[in-house]
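Student: The sequence and its predicted three-dimensional model are supplied below.
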Amino acid sequence: MHRTTYDELKQAGTLPSPTRVGLAILRLTQREDFVLGYLARALQSDPALTGRLLKLANANLAPGARPICSVEEAAMVLSVGTVRSVALGFTLINDPPPGAKTGFDHEDYWSNSLLQAVAARHLAAERGDVEPASAFTCALVSGIGRLALAAAHPEEYGRVVAAGTALSCGDFLELERKELGVDHAELAQGMLRDWCLPEEWAHAVQAFERRLGSEAAPSERAAALEQVLRGAAQLAAAFRESQGFRIQATATDRGDTTFLSRELTVSPAAVVRVRNRIVAEWNDWSRAHQPPTKADIVSSLADTAIQRLQHTTPRRGMKILAVDDDPVSLKLLSHHLSSDGHRVTLAADGTEALSLALKQRPQLIVTDLSMPEMDGLELCRALRGSTVCADAYVLVVTGHDEEARIVEAFDAGADECVNKPFNPKILLARVRAGQRIIELRERAEHDKQELNRRNAQMTILNRQLKTAAMTDVLTELPNRRYAMRRLDEEVAASLAEGAPLSVILLDIDHFKSVNDGFGHDVGDLVLRETRARAAGLHPAQRGSLPSGGRGVPGDRAPGHARIQRALRRAAAGSRVRAGIQFRRQPGRHHGQSGRGRLRGRGDHRGRPDPHRRPARLPGEGPGPQPRRFDRRHGSPGRKRLSSPPRAEVARPQRTKTGLDQAWAPSSCTTRT
Amino acid sequence: MDHSEDVLDMNVIAALRELGGDGDETLFHELLDLYVDDSTKQLQRLAESLEQGDLRVAERIAHTLKSSSAHLGASAVSKLCLEMEQHGREQRAMEMRALLDVAREAHRRAVAALVALRQ
């Protein structure tokens, strides 16, 4: 038995593969600095593909528009994603499957792949979280691993398939590995990656082919795609079992709407819609009483692309409100507009029209000018003054002799006018012109919303970044950068207001010894614990020790004493004992900014500082568990804190800390 | 003034008859019924508002009748209504009243012709 791996298969050149041009296009469109000109050059080397793309691009042109005749234009019209899907589909399935006379049924394989792809496209369109064209192509190539195995081992794989019909998915993969050295899921993943298809495709196909569930997919997009693939497979199986949903499915009841609705996580109504669309599409192909062929796959790819086009080009059928007090005119308006594919609501006068317009928000309003109660001019003004209909396109119908009123109508907010009695062709041409403008506006509005949404996302990201930049990762306290900035602001404010400013500096002495003695994990613990205790102290200081707020308003020294006492109390009583030391320094800022005074020190996390005492105390010997520190080791840290204190009001107070493991008293310096 | 034109513009009638497509004249008949019914009422209201001296309403009704009559090919009625509308705009009540009877007669003949088409 051959023991092959993916790489060996690849080197042997037995794997199905898109043509050279197809591969070039896939790689090209994957690049971020993608240039249309390169794509055009790659495409031009395959005249058949170029022809198909041009045909596709021209298929949905507006009547009378200049035909598209260059690949660049086609790529622009079709969008890069479509070109990629089409290139892949066209070139891949054009490869004649080698070894067609084996046990592997290629026709059945392609037929089923296409059915799943069609189901995936409709399901994706219904769900809305996966792009339908991507879902189609991904489903089409999801089973490529089987095709690859059939191509590499024509005879063996036929036997494996025959032997594996009754096996579960996992057992079948196991059988593939046992017999052929590699399973189709692994092959598919490797091939998708080789073709530079999106990484989430590889993840989704992997999770789907191994029946791992969407939880196995590493990203949200891959998870959604996996769900679509799985749902499409369910739909395809149900479709086959129930002969195109014509009969009640067999004992498994897989065609049942409720069952599918639960499995596909869409509403039962959506299931019915998706099923109907699959049936309709399949019946189109099967009309000639033969199963869909590869040519049908090509045409379905084209359909997918065209559907995408139609999504962006003007579609017929607007919501229109027609207003006229003359029932004859109204009837005619209604007839012409609805025969042109619009959904028409009718109103017999301005008042009725206004209330209908506010309720239904029509995209376009056709109104007569002279009407009882509220005439066309008043209606225009009312619409323009409203919030919901201010953007509606208003087409005014006027008599031949109403030139003076036409000007008035435009001033009142009309967008266009048409003469009465109207010529249906001219009326509909004006409506179409209006539709172009409406759709441009709607697209602009959509773009604006999209932009706003992205802006909001960026703002959130920025805020998160800013917070991250200003926060110490370990203690979650605002960091030195924040403290320096805040201090500048506070000093400036204090100077401006002549108000006292208090700053408490908290330093954990001998912290290095903690790290050295107990390891950094314990050191981190001490930091976090100190932070937690300090944060629990004073509402004004919660979570922002370095900022400190403005101290205690109108209560400077006593406030400080209180906070200091509280800090000391908080630090005491832990198993890893910590004492806090305070020094209070009165007086104002001595003409220096806070930054100037604080600059040059090691940061509060005890980053190595040249002046700091050595890591191990002399005589302590190497190694852990220092039981006790001499108290005088508390002082060097303090000395470094700032320029020498001008006037020490209070002697450094040493907290009584040490019971059994007393060391590392923190020092707190206060300036008032 | 000469109002001796043909009662109905047969070109307009022909276009209306084709609206439904495939020889389906349902829409044409609906329009015809609508016109006969509504224009008779409107003409009556026009007469009433003239009696009451409300020229603004009279003018507006004349305007509406003018266009609905034009839609149904009743060009004589439409033309008379246009004249009445213009008189109304210029506050010439006498002239409007003078035209009303002519318009009524033209309308009667147009309706008769339309009803005949209905058979």
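Tutor: Structure received.
Student: all strands of the chain, in order?
Tutor: You didn't pick a chain, so chain A it is. A:319-323, A:343-347, A:364-368, A:393-399, A:416-420, A:503-508, A:580-585, A:666-671 (DSSP state E).
Student: what angle sits between the second one and strand A:364-368?
Tutor: Orientation check (axes from the mean of the first three to the mean of the last three Cα atoms, to 10 degrees): strand A:343-347 against strand A:364-368 gives 30 degrees.
Student: Is strand A:343-347 in proximity to chain B?
Tutor: No - contact of strand A:343-347 with chain B (Cβ under 8 Å from any Cβ of the partner chain) is absent, the minimum separation being 12.5 Å. The C-beta positions use only the backbone N, C-alpha and C, and glycine is treated the same way.
Student: Describe which strands that strand pairs with in its sheet and in which direction.
Tutor: For strand A:343-347, the pairing partners within the sheet under DSSP bridges are strand A:319-323 (parallel).
Student: which residues sit in contact with the residue nearest to residue B:29 when sequence neighbours are not counted?
Tutor: Closest residue in space to residue B:29, ignoring its immediate chain neighbours: residue B:118 at 6.3 Å, by Cβ to Cβ, 6 or more residues apart in numbering or on different chains. The contact partners of residue B:118, by Cβ atoms under 8 Å, 6 or more residues apart in numbering or on different chains, come to B:29, B:32-33.
Student: Kindly report the residues of chain B close to chain A.
Tutor: B:19, B:27, B:30-31, B:34-35, B:38, B:57, B:60, B:63-64, B:66-68, B:70-72, B:82, B:85-86.
Student: shaky segments in chain B?
Tutor: Across chain B, residues meeting the criterion (pLDDT under 70) sit at B:1-6.
Student: residues touching the most centrally placed residue in it, list them.
Tutor: Central residue of chain B (Cα atoms, centre = their mean): residue B:69, 3.7 Å from the mean position. When contacts are counted by Cβ under 8 Å, 6+ apart, residue B:69 touches B:35, B:39, B:75, B:77-78, B:81, B:107, B:110.
Student: so where does it fall, helix or strand?
Tutor: If you go by DSSP states H and E, residue B:69 is part of helix B:55-71.
Student: between that helix and strand A:364-368, how many degrees?
Tutor: Using the same axes, to 10 degrees: helix B:55-71 against strand A:364-368 is 110 degrees.
Student: hey, C-alpha coordinates of helix B:55-71 in PDB?
Tutor: Provided in PDB are the C-alpha atoms of helix B:55-71 (Å, rounded to 0.1, in the frame of the first residue of the first chain):
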ATOM      1  CA  LEU B  55     -64.700  81.000  -7.800                       C
ATOM      2  CA  ARG B  56     -61.600  79.400  -6.200                       C
ATOM      3  CA  VAL B  57     -63.300  76.000  -5.800                       C
ATOM      4  CA  ALA B  58     -65.000  76.400  -9.200                       C
ATOM      5  CA  GLU B  59     -61.600  77.000 -10.700                       C
ATOM      6  CA  ARG B  60     -60.000  74.000  -9.000                       C
ATOM      7  CA  ILE B  61     -62.900  71.700 -10.100                       C
ATOM      8  CA  ALA B  62     -62.500  73.000 -13.700                       C
ATOM      9  CA  HIS B  63     -58.800  72.200 -13.500                       C
ATOM     10  CA  THR B  64     -59.500  68.600 -12.400                       C
ATOM     11  CA  LEU B  65     -62.200  68.100 -14.900                       C
ATOM     12  CA  LYS B  66     -59.900  69.400 -17.600                       C
ATOM     13  CA  SER B  67     -57.300  66.800 -17.000                       C
ATOM     14  CA  SER B  68     -59.600  63.900 -16.400                       C
ATOM     15  CA  SER B  69     -61.600  64.700 -19.600                       C
ATOM     16  CA  ALA B  70     -58.300  64.900 -21.500                       C
ATOM     17  CA  HIS B  71     -57.300  61.500 -20.200                       C
END
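Student: Which helix or strand lies directly C-terminal to it?
Tutor: Helix B:55-71 is succeeded, C-terminally, by helix B:75-89 (DSSP H and E).
Student: Mind giving me the packing neighbours of that following helix?
Tutor: Helix B:75-89 sits against helix B:55-71, helix B:93-118, with contacts defined as 3 or more Cβ pairs under 8 Å, 6 or more residues apart in numbering or on different chains; DSSP states H and E.
Student: what's the distance between that helix and the middle of its chain?
Tutor: 9 Å (Cα atoms, centre = their mean, to the nearest Å).
Student: Identify the residues contacting it?
Tutor: A:401, B:3, B:5-9, B:12, B:39, B:46, B:55-56, B:58-59, B:62-63, B:65-67, B:69-70, B:93, B:95-96, B:99-100, B:102-103, B:106-107, B:109-110.
Student: coming back round to it: of the contacts of residue B:69, closest to chain A?
Tutor: residue B:35 (5.0 Å; Cβ to the nearest Cβ).
Student: So that closest one sits against residue B:70, correct?
Tutor: No - checked against Cβ atoms under 8 Å, the pair residue B:35 and residue B:70 is beyond contact range at 10.7 Å.
Student: So for residue A:271, what's the pLDDT?
Tutor: With respect to pLDDT, residue A:271 scores 82.
Student: Also residue A:546?
Tutor: 39.
Student: could you flag which of the contacts of residue B:118 are buried?
Tutor: Neighbour-count burial (16 or more other Cβ atoms under 10 Å in any protein chain shown) is assigned, among the contacts of residue B:118, to residue B:32.
Student: if you look at the contacts of residue B:118, which of them are in helices?
Tutor: B:29, B:32-33 (DSSP state H).
Student: got these as JSON lines, with distance to residue A:191 columns?
Tutor: Output for those, formatted as JSON lines (distance: Cβ to Cβ, whole Å):
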{"residue": "B:29", "distance to residue A:191": "67"}
{"residue": "B:32", "distance to residue A:191": "70"}
{"residue": "B:33", "distance to residue A:191": "70"}
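Student: so which of those comes closest to residue A:417?
Tutor: residue B:32 (27.9 Å; Cβ to Cβ).
Student: Just give the closest residue to that closest one, not the sequence neighbours.
Tutor: That would be residue B:114: by Cβ to Cβ, 6+ apart, it lies 5.4 Å from residue B:32.
Student: so who does that neighbour touch?
Tutor: So residue B:114 contacts B:8, B:32, B:35-36, B:72, B:74 (Cβ under 8 Å, 6+ apart).
Student: near chain B, which residues of chain A show up?
Tutor: So chain A meets chain B at A:325-329, A:331-332, A:335, A:370-372, A:399, A:401, A:420-421 (Cβ under 8 Å from any Cβ).
Student: Now, of these, which are buried?
Tutor: Applying 16+ other Cβ under 10 Å to the residues of chain A next to chain B flags A:325-329, A:331-332, A:335, A:370-371, A:399, A:420-421 as buried.
Student: From the structure, what's the count of residues near residue A:267?
Tutor: Close neighbours of residue A:267, defined as other Cβ atoms under 10 Å in any protein chain shown, add up to 12.
Student: For it, which non-adjacent residue is closest in space?
Tutor: That would be residue A:261: by Cβ to Cβ, 6+ apart, it lies 6.3 Å from residue A:267.
Student: Show me the domain layout of chain A.
Tutor: A:18-94, A:102-312, A:319-442, A:480-671 (automatic domain parsing).
Student: Flag every buried residue along stretch B:86-93.
Tutor: B:87-88.
Student: what about it, how long is it end to end?
Tutor: 11 Å (Cα to Cα, to the nearest Å).
Student: and the residues of chain B next to chain A, which are buried?
Tutor: B:19, B:27, B:31, B:34-35, B:38, B:57, B:60, B:63-64, B:66-68, B:70-72, B:82, B:85.
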